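Asks: what follows is a predicted protein model with its sequence.
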Amino acid sequence: MRELGIDPYPPHLFPVNVTAEEIHKQYPADDTLFQDVSIAGRIMSRRIMGAASFAELQDATGRIQVYFKRDEICTGDDKSLYNVVFKKHMDLGDIIGVTGRVFVTKMGEISIHATGLKLLAKSLKPLPVVKEKEGKTWDAFTDPEQRYRQRYLDLIVNPHVKGVFEQRSQLMQIMRNFLSGKGYLEVETPVLQPLYGGASARPFKTYHNTLDTTLYLRIANELYLKRLIVGGFDGVFEFAKDFRNEGMSRFHNPEFTQMELYVAYKDYHWMMDLVEEMVETIALGIHGSTKVEVGQHTIDFQRPWKRFTMFEAIEHFTGIDISGMDETELRAAARQLNISTDASMGKGKLIDEIFGECCEDKLIQPTFITDYPLEMSPLAKKHREHEGLVERFEAICNGKEICNAFSELNDPIDQRERFMSQMELGKRGDDEAMVLDEDFLRALEYGMPPTAGLGIGIDRLAMIMTNSPSIQDVLFFPQMRPEKRQNDEDSEQEE
RNA sequence: GAUUCCGUAGCUCAGCUGGUAGAGCAACGGCCUUUUAAGCCGUGGGUCCUGGGUUCGAAUCCCAGCGGGAUCACCA
């Protein structure tokens, strides 16, 4: 092509003045429009019939057909632009710029009658060709490994994939507007932390050369946001990438996004109202309805959501009232429900286990589960009425937790004791136990107002809102094993 | 981490109980001035994931490894 004097990667801008979507929306309702268009995109299909051809052009908004006629794009005697450049040297996947006018073909398809054609970027690799007609699809690009590893290809070839990510972006935008609109401040806190905290998980560990110190990638930002509440902000939130060095599944990626929110002078009842309102707003914003199709179910986010205490939920699904049981009785109840237990499990763990086995996956419609065992929640405030419980709730939806929240523990003495018992667990070999954060305790000692806190899994919520069965479908680049072991010897030598 | 299924052309797949590879689309060469999964004629294209083993002979059987999916465990 270079021999023909054509730069396959020209440097100049191409003056686009219209998108495929705009044309489809406004034409032919007003057929005086679009008589001098300039549009750019990728060639997705081509049908050549001698001196005339049709091609489908895909831009960021969609596809539009382009009609090329030899004598229209080559007005002089030199027909090589059509005969040689277009027919021989252009391929599916090439990015081109087209000028022309919009018209409707005999077959009734809105198309662009091209008067000019320019190659903007050559594609050297063949594109998977997906064809569709009447709902049937040929040669779909479906291999999950290739779709995730080469997301760019997936996005080119599978248009609905873009829609999923647009909805994810919309979700975050709505949430951000919702929270900002209430006057809360969006903040940023450290990803690299000398101590990891705010959740029970194994961290990624790294090292800072100049400081000569170990740092951890955050597993949560909770403790930093609460420091900001101590500092006098009434409401702070952060969309936080968190990192947990744990197993992967269709619900878990090593890095994931959580939105955490802390609001002073509120409690967990207040926070439930906020979550309902916020998620309902998101559903309405994305789908125009509180009802969302998810797999086999229709989930309705209309307020108010059902609220159960954990004990009520267990009684509802198993018929067993465990609220007054001691550890031995709980163990017997678990055995009766075919739940395996081991000696290390305390009362709280047993309750949590029973709930997880018998209730969680049955909760399809959004439901708040409240009042968790104290042992499982070292950062939550003790329940105002019930011994052994904390003021905590989770929202369960489609059988999965979508958020976790509590009245935050602001008693520094109680907090220190909770950390101490976590460290006991750590000594007994629980590698997910929390570590004591002396600076956080110091902050609490200055006094933190009563505060309600929330963590909401953005990826999980996006899965529900976009009807995606796997977290990999709502992450552009889900974590995969490295494709090739390159320079194997080099890396071994570095070790 | 455990179990299980899968890995053949650029894409989607076929290849039965072992005889060293096939289709459609894409590509390449032709014909065709409003087609739409365009069509018609012709051509090329594969370390059958990798490495071992069994065998006269392996894409096929066996073992190990790599990669992926699903389920489970841990967790959000």
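Replies: Cool, got the structure. Numbering: from 1, shown residues only, chains lettered A, B, ... in the order given.
Asks: hey, where'd the strands end up in the stretch 201-350 of chain A?
Replies: Applying DSSP state E, counting those that start in this stretch to the stretch 201-350 of chain A gives strands spanning A:205-208, A:213-217, A:235-243, A:255-264, A:291-294, A:297-300, A:306-309.
Asks: closest to RNA strand B out of these?
Replies: Nearest of the strands of the stretch 201-350 of chain A to RNA strand B, taken as Cβ to the nearest atom of the strand: strand A:255-264 at 3.3 Å. For every residue, glycine as well, the C-beta is placed using N, CA and C.
Asks: longest helix anywhere in chain A?
Replies: Among the elements of type helix in chain A, defined by DSSP state H, the one spanning the most residues is helix A:159-181.
Asks: now it: buried residues?
Replies: Of all the residues in helix A:159-181, those buried under the rule 16 or more other Cβ atoms under 10 Å are A:161, A:164, A:165, A:167, A:168, A:170, A:171, A:172, A:174, A:175, A:178, A:179.
Asks: for these, name the two members farthest from one another.
Replies: The largest separation in these, counting by Cβ to Cβ, is between A:161 and A:179 at 28.0 Å.
Asks: mean confidence for stretch A:351-364?
Replies: Stretch A:351-364 carries an average pLDDT of 88.
Asks: returning to that earlier point: JSON lines for the buried residues of helix A:159-181, including pLDDT and distance to residue A:13?
Replies: Output for the buried residues of helix A:159-181, formatted as JSON lines (pLDDT from 0 to 100; distance: Cβ to Cβ, whole Å):
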{"residue": "A:161", "pLDDT": "92", "distance to residue A:13": "28"}
{"residue": "A:164", "pLDDT": "94", "distance to residue A:13": "30"}
{"residue": "A:165", "pLDDT": "95", "distance to residue A:13": "26"}
{"residue": "A:167", "pLDDT": "96", "distance to residue A:13": "31"}
{"residue": "A:168", "pLDDT": "96", "distance to residue A:13": "30"}
{"residue": "A:170", "pLDDT": "97", "distance to residue A:13": "29"}
{"residue": "A:171", "pLDDT": "97", "distance to residue A:13": "33"}
{"residue": "A:172", "pLDDT": "97", "distance to residue A:13": "31"}
{"residue": "A:174", "pLDDT": "98", "distance to residue A:13": "34"}
{"residue": "A:175", "pLDDT": "98", "distance to residue A:13": "35"}
{"residue": "A:178", "pLDDT": "98", "distance to residue A:13": "38"}
{"residue": "A:179", "pLDDT": "98", "distance to residue A:13": "38"}
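Asks: the stretch 301-450 of chain A: helices as residue ranges?
Replies: For the stretch 301-450 of chain A, applying DSSP state H, counting those that start in this stretch gives helices covering A:310-318, A:327-336, A:347-358, A:412-427, A:438-445.
Asks: closest to RNA strand B out of these?
Replies: Taking the helices of the stretch 301-450 of chain A one by one with Cβ to the nearest atom of the strand, helix A:347-358 is closest: 7.2 Å.
Asks: tell me what that closest one is packed against?
Replies: helix A:310-318, helix A:327-336, strand A:367-373 (3 or more Cβ pairs under 8 Å, 6 or more residues apart in numbering; DSSP states H and E).
Asks: please identify the most buried of those.
Replies: Mean neighbours per residue, mean count of other Cβ atoms under 10 Å, is largest over those for strand A:367-373, with a mean of 22.
Asks: would you format the helices and strands packed on helix A:347-358 as CSV with distance to residue A:11 and mean pLDDT included?
Replies: Listed next are the helices and strands packed on helix A:347-358 as CSV, based on distance: least, Cβ to Cβ, whole Å; pLDDT from 0 to 100:
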stretch, distance to residue A:11, mean pLDDT
helix A:310-318, 63, 91
helix A:327-336, 69, 86
strand A:367-373, 57, 94
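Asks: need these in CSV (columns: distance to RNA strand B).
Replies: Formatted as CSV, the helices and strands packed on helix A:347-358 follow (distance: least, Cβ to the nearest atom of the strand, whole Å):
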stretch, distance to RNA strand B
helix A:310-318, 14
helix A:327-336, 13
strand A:367-373, 11
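Asks: can I get the ones you listed in a markdown table including distance to residue A:152?
Replies: Shown next, in a markdown table, are the helices and strands packed on helix A:347-358 (distance: least, Cβ to Cβ, whole Å):
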| stretch | distance to residue A:152 |
| --- | --- |
| helix A:310-318 | 44 |
| helix A:327-336 | 49 |
| strand A:367-373 | 39 |
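Asks: how many other residues sit next to residue A:229?
Replies: If you count neighbours by other Cβ atoms under 10 Å, residue A:229 ends up with 23.
Asks: coming back round to it: quick one: closest of the helices and strands packed on helix A:347-358 to residue A:251.
Replies: So among the helices and strands packed on helix A:347-358, strand A:367-373 is nearest, using Cβ to Cβ, at 17.8 Å.
Asks: other SSEs contacting the closest one?
Replies: Secondary elements touching strand A:367-373 (3+ Cβ pairs under 8 Å, 6+ apart): helix A:268-287, strand A:306-309, helix A:310-318, helix A:347-358, strand A:389-397.
Asks: tell me the residues of the stretch 101-250 of chain A that contact RNA strand B?
Replies: A:103, A:105-109, A:111, A:113, A:126-133, A:138-146, A:148, A:199-201, A:244, A:246-250 (Cβ under 7 Å from any atom of the strand).
Asks: filter the residues you listed down to the ones in helices?
Replies: A:144, A:145, A:146, A:148.
Asks: distance of the last one from residue A:462?
Replies: The gap separating residue A:148 from residue A:462 is 16 Å, by Cβ to Cβ, to the nearest Å.
Asks: between the two, which is the more surrounded one?
Replies: Legend: neighbour count by other Cβ under 10 Å for residue A:148 and residue A:462, higher for residue A:462 (25 against 18).
Asks: can you pull the pLDDT of the more buried one?
Replies: pLDDT, residue A:462: 96.
Asks: close to RNA strand B, is whichever strand or helix holds it?
Replies: According to DSSP states H and E, residue A:462 maps onto helix A:458-465. Yes - interface with RNA strand B: helix A:458-465 contributes A:459, A:460 (Cβ under 7 Å from any atom of the strand).
Asks: which elements pack onto the longest helix of chain A?
Replies: For helix A:159-181, the elements it packs on are helix A:151-157, strand A:185-186, strand A:235-243, strand A:255-264, helix A:268-287, helix A:458-465, judged by 3+ Cβ pairs under 8 Å, 6+ apart.
Asks: just the residues contacting it, thanks.
Replies: A:58, A:62-63, A:147, A:154-155, A:186, A:235, A:237, A:239, A:259, A:261, A:277-278, A:281-282, A:285-286, A:458, A:461-462, A:465-466, A:468, A:473-474, A:476 (Cβ atoms under 8 Å, 6 or more residues apart in numbering).
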